[in-house]
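Chemist: Quick check, what structure comes out for this input:
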Amino acid sequence: MSSRSYDTITYEVGGHTATITLNRPDALNALSPHMITELRDAYHAAENDDNVWVLIVTGTGRAFCTGADVKAIPGDGKVINERPYLATYEQWEAPQEGTPPFRTMAKPVIAAINGLCCGAGLDWVTTGDIVIASDKATFFDPHVSIGLVAAREVVRVARILPRSIALRMALMGKHERMTAQRAYEFGMISEIVDHEHLLARAHEIADIVNSNAPLAVRGTRLAILKGLDLPLHEAEMLAESFRERNLRTEDSLEGPKAFVEKRLPEWKCR
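Modeler: Model (predicted):
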């Protein structure tokens, strides 16, 4: 197992899985500019490490992430990062804060929600590829309760929850929390796990995903995500182009060969 050193998160690679753990438990894993900078570095490291096929993101303590650190919020109500204001393209986009760069990365992210999850913490729920949660997890959005417009966070929530439920979460603010069970019933998370076994279950799921052909996993993920913003026929054609690209890989030959030979495939990720 290898690791990288950070102040506000931990990063470990074991097997083909990189585990990123939000590690500011005394601040309920609230996002500071420094934490955002470290998260972006960790995402970049995982995406560019050929040995990493899947990412897990989780948190320490009783919270997964409680959104932006109110002590570090500038006048516009959004944590940007440690770079000068408007110095980079990303600062002209909708602020992403701790969100994985899901639109541009190929590798899947498993979010393991270990506790309180609100505000910008919801971004992992709405952009993660597989989202599981502890039975102690709760979900809410506090923006309107602290005088801020709930923007990107609840716009994303409204894409995965029924309209009236998303609006209820957004307009009730900090005064109502969604339980893990209710989140599961609405499909916001895909599994509830006993709290003590959450990380172990996340790694079990990662191992299952990693038992599949990694390039086929990435192409399938991209076909689904990129296709969501397209009309159906165009989405089908885009998915077909990813399928054809994958046919040029060694792994696309290894899969059928292993099946015929009745053995486990040996994926090379190429």
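Chemist: Helices along the stretch 1-150 of the chain, start to end?
Modeler: Per DSSP state H, counting those that start in this stretch, the stretch 1-150 of the chain carries helices over the ranges 33-47, 122-127.
Chemist: contacts for the shortest one?
Modeler: When contacts are taken as C-beta atoms under 8 Å, 6 or more residues apart in numbering, the neighbours of helix 122-127 outside the stretch itself are 57, 64-65, 96-100, 102, 109, 111, 113, 117, 131, 139, 141, 152-154, 156-157, 159-160, 183, 188-189. Every C-beta, even on glycine, is put in place using the N, C-alpha and C of the backbone.
Chemist: List buried residues within those.
Modeler: Those of the contacts of helix 122-127 that meet the buried threshold are 57, 64-65, 96-100, 102, 109, 111, 113, 117, 131, 139, 141, 152-154, 156-157, 160, 183, 188-189, by 16 or more other C-beta atoms under 10 Å.
Chemist: what about the stretch 1-150 of the chain, any weak spots by pLDDT?
Modeler: 72-82 (pLDDT under 70).
Chemist: do that again at 90, thanks
Modeler: By pLDDT under 90, the weakly predicted segments of the stretch 1-150 of the chain are 1-4, 68-96.
Chemist: could you pull out the strands for it?
Modeler: 2-4, 9-14, 17-22, 54-59, 63-65, 109-113, 116-118, 130-134, 138-140 (DSSP state E, counting those that start in this stretch).
Chemist: Parallel or antiparallel, list what pairs with the second one.
Modeler: Looking back up the chat, that one is strand 9-14. Pairing partners of strand 9-14, with direction, according to DSSP bridges: strand 2-4 (antiparallel), strand 17-22 (antiparallel).
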